[in-house]
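**Student:** the following comprises the amino acid sequence and a computationally predicted model.
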Amino acid sequence: MKQYTSNQIKNVAVAGHGGSGKTTLVEALLFKTGASDRLGTVADGNTVCDYDPEEIKRKASISLAVAPYEYRNMKINLLDCPGLFDFSTGLYEGVQAAGSVLITISGKSGVTVGAKKAYKLAKKKGKSRVIFVSKLDRESADFYKVLEQLKATFGPSVCPLVVPIMEDKKVVCYVDLIHMKAYRYEGGKALEVPVPQTDHRIDGLIAAISEAVAETDEELFEKFFSGEQFTHEELAKGLHEGIKSGSLTPVFCGSAQTLEAIDLLLDGIADFLPTAEEMTGTVGSDADGEPVDIVCNAEGPLVAQVFKTVADPFIGKLSYIKVISGTMTSGMEAVNMTSGQNEKIGKLIYMRGKKQEEAAKVVAGDIAAVAKMNAATGDTLCAGASVILERAKYDAPCYSMAIMPKAKGDESKVAQGVLRLLEEDASLAFVNNAETHQQVITGLGEQHLDVVAAKLKSKFGADVVMEPPIVAYRETIQKKVKVQGKHKKQSGGHGQYGDVWIEFEPYEGEDLLFDQKVVGGAVPKNFFPAVEKGLRESIAHGILAGYPVVGLKATLMDGSYHPVDSSEMAFKTAASIAYKAGLQQASPVLLEPIGHLTVTVPDSNTGDMMGELNKRRGRVLGMSPDEDGTSVIEADVPMSEMHDFATLVRQMTQGSGTFSFAFERYEQLPNQLAADVIARARAVSGEE
């Protein structure tokens with residue numbers, strides 16, 4: 001691949017709903033430009049970007065892939081983003097590195113949640129937006145119906161540049177509204193045909209383009225207002241400026257599978273989308289947190305960011321880097337501004353799917369990969385500059401499972417494999433729960449964790465099973481009691497003697513509150529710590545189901561001792577005897593963890609969600625309207641009822657719902673549920 005300058009490089013993220021044709025479109029663009037020698041299909045598992053065994057198996061993208069092509073003396077880096085919500089990390093990574101976002105929308109399905117999310121993210125990040133309506137070769141596809149949906153959803157900025165001419169519900173040709181030329185396609189090759197004069201919509205669409213272009217420039221507006229026609233150059237310039245600023249969202253259409261109108265999209269990308277040099281406005285922060293503008297200039301100081309990491313057990317870590325400013329060369333040194341460590345840049349690689357091509361240098365605006373770096377995803381690398389770039393924000397992990405090896409002794413292999421996967425996936429979390437003795441992994445959904453399990457087996461040789469994590473209950477008491485605990489043992493020589501009277505009562509607090517009211521030296525002071533220690537060790541296991549005891553106050557009231565046989569061990573044992581006897585009499589109950597839920601759903605789903613929260617024993621605290629026709633519901637819900645909530649929200653809202661959930665407090669578990677919990681706990685511990 002030849003060397004390109006910053007004004008010849010464009011970075012385009014391809015995003016949209018799962019199944020809308022993103023990878024197929026990328027495949028068509030690569031094949032049409034000669035970047036690949038065959039037109040692969042997702043169904044056959046031979047596409048450039050879906051090369052991971054799990055992607056081939058599932059016939060869907062699960063991670064971001066980079067694939068550049070060369071066209072009209074430009075280099076376009078395509079970033080193929082996953083559309084499935086379980087793998088949204090790839091979308092955030094792709095948009096972070098891109099200058100423009102190409103959103104695919106199926107001509108059959110229309111505007112879906114994935115398209116809305118991609119558009120919203122691109123707009124939020126200040127990226128140019130372009131839409132491609134795909135699958136127009138299918139019988140039930142309807143471009144003009146989708147166009148109306150696009151305008152209703154995204155507003156007047158939507159501007160079609162290529163439209164199909166239909167006859168008997170089939171596309172007969174495509175009209176390029178900028179050049180006013182029509183093309184029919186045979187075997188993917190374009191044949192120019194006369195522009196049909198029968199379709200009344202074309203004139204209206206051309207007028208709409210002129211009006212949209214007029215809004216981008218004062219001189220063009222005056223010309224439009226005076227009724228003059230724009231030249232082709234003026235149209236092209238106005239479209240370019242409008243797309244760059246985000247005031248225009250051009251719409252192309254075609255079929256990636258049959259290569260219909262792909263050439264028109266290629267020209268549209270080349271003509272209208274901004275180059276890396278034009279995508280100004282990258283803002284970092286200096287050591288004091290003050291904003292710093294970074295100019296895309298190959299001659300400037302090096303500023304680069306790691307936007308994706310791949311953990312490979314054989315080649316080590318592969319870091320995908322976007323150079324924002326300056327030029328990166330192999331062997332140079334840079335400072336990791338996030339960690340403060342020096343990084344030596346190894347071999348620079350251009351990636352096209354899994355294929356690698358060595359690069360001599362990487363200029364500002366370009367994308368490459370570097371092997372065996374210590375830097376993590378989101379880290380900023382600098383040489384001659386001192387700035388930190390903002391990291392991408394990802395969806396928070398929300399679906400937890402306990403993970404364990406199938407074979408005994410593989411625990412460390414599992415832990416090491418998971419830690420490597422955490423390096424490449426920011427939406428994964430992993431904790432070793434000391435209380436439940438479980439390793440718990442949290443991701444974005446069932447599919448996400450299925451892929452994690454598959455990767456652990458294929459990449460790291462760790463075969464695992466997953467199950468719902470154990471809920472950490474607590475125990476407490478409801479009334480005050482006073483009991484004796486006496487330990488007396490005589491077995492020749494020194495015996496053991498400890499005798500205590502302890503008052504147990506509930507109090508508002510987590511930890512044990514220990515006090516003493518002993519008078520007259522009934523129990524010597526030097527044995528008080530032993531009594532307290534005996535109680536603290538005892539509260540780790542409650543008498544109902546073995547869960548830790550909270551909210552317990554214990555007051556040592558009285559007792560007796562033997563001048564010879566009394567010892568710390570004897571009083572410690574006596575305290576544990578008193579504990580068991582006291583809690584039995586003090587009306588012990590189970591407490592369950594309660595979490596605070598904040599869930600955002602479309603207004604149409606609020607009733608269903610309220611009903612679902614009631615089913616899950618939740619207490620709705622309030623509801624308030626949010627942006628874009630959504631509502632935010634707040635509720636307190638038992639954590640035991642939340643295991644499959646992530647799946648439910650996604651199904652109920654078709655993927656548009658989001659939520660956060662965090663532990664809040666403990667509350668008493670209803671008696672009818674407590675019996676089952678106690679029975680399960682005793683079965684696990686082997687008690688009758």
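**Tutor:** Structure's in. What do you need?

**Student:** low-confidence ranges in the stretch 451-600 of the chain?
**Tutor:** Within the stretch 451-600 of the chain, the ranges that satisfy pLDDT under 70 run 491-493.

**Student:** just the helices in the stretch 451-600 of the chain please.
**Tutor:** Assignment of helices within the stretch 451-600 of the chain using DSSP state H, counting those that start in this stretch yields the ranges 528-538, 568-585.

**Student:** which helices and strands sit right next to the longest one?
**Tutor:** It stands for helix 568-585. Secondary structure elements in contact with helix 568-585, counted by 3 or more Cβ pairs under 8 Å, 6 or more residues apart in numbering; DSSP states H and E, are strand 481-489, strand 496-506, helix 528-538. For the C-beta atoms, the positions are set from N, CA and C on the backbone; glycine is no exception.

**Student:** most tightly surrounded among these?
**Tutor:** With neighbours defined as mean count of other Cβ atoms under 10 Å, the helices and strands packed on helix 568-585 peak in mean count at strand 496-506, which reaches a mean of 22.

**Student:** quick check on residue 314: phi, psi?
**Tutor:** phi -100, psi -50 (degrees, to the nearest 10).

**Student:** residue 458 versus that one, what's the distance?
**Tutor:** If you measure residue 314 against residue 458 using Cβ to Cβ, to the nearest Å, the figure is 12 Å.

**Student:** cool, and residue 588?
**Tutor:** When Cβ to Cβ is the yardstick, residue 588 and residue 458 sit 48 Å from each other.

**Student:** who has more neighbours, these two?
**Tutor:** Looking at residue 588 and residue 458 with other Cβ atoms under 10 Å, you find the greater number of neighbours at residue 588, namely 18 against 13.

**Student:** three-state assignment of the residue positioned nearest the centre of the chain?
**Tutor:** For the chain, the residue whose C-alpha lies nearest the mean C-alpha position (Cα atoms, centre = their mean) is residue 395; its distance is 3.4 Å. Recorded secondary structure, residue 395: coil (DSSP: H, G, I helix; E, B strand; the rest coil).

**Student:** quick one, which of the helices and strands packed on helix 568-585 is nearest to residue 37?
**Tutor:** Proximity to residue 37 (Cβ to Cβ) singles out helix 528-538 among these, at 70.9 Å.

**Student:** quick one: the strands in the stretch 351-500 of the chain, in order.
**Tutor:** In the stretch 351-500 of the chain, the strands defined using DSSP state E, counting those that start in this stretch lie at 355-359, 361-363, 367-371, 380-383, 388-389, 399-405, 429-433, 438-443, 464-467, 474-476, 481-489, 496-506.

**Student:** cool, and the stretch 151-300 of the chain?
**Tutor:** Using DSSP E, counting those that start in this stretch, the strands assigned to the stretch 151-300 of the chain run over residues 158-160, 162-167, 170-176, 181-186, 189-193, 249-253, 282-285, 291-294.

**Student:** buried deepest among those strands, which one?
**Tutor:** strand 249-253 (a mean of 25).

**Student:** that one pairs with which strands?
**Tutor:** Sheet neighbours of strand 249-253, with direction, are listed as strand 128-134 (parallel), strand 158-160 (parallel) (DSSP bridges).

**Student:** got a markdown table for the ones you listed, with mean pLDDT too?
**Tutor:** Listed next are the strands paired with strand 249-253 as a markdown table, based on pLDDT from 0 to 100:
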| stretch | mean pLDDT |
| --- | --- |
| strand 128-134 | 97 |
| strand 158-160 | 94 |
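
**Student:** out of those strands, which is the most enclosed?
**Tutor:** Sort the strands paired with strand 249-253 by mean neighbour count, taking mean count of other Cβ under 10 Å, and strand 128-134 sits at the top with a mean of 26.
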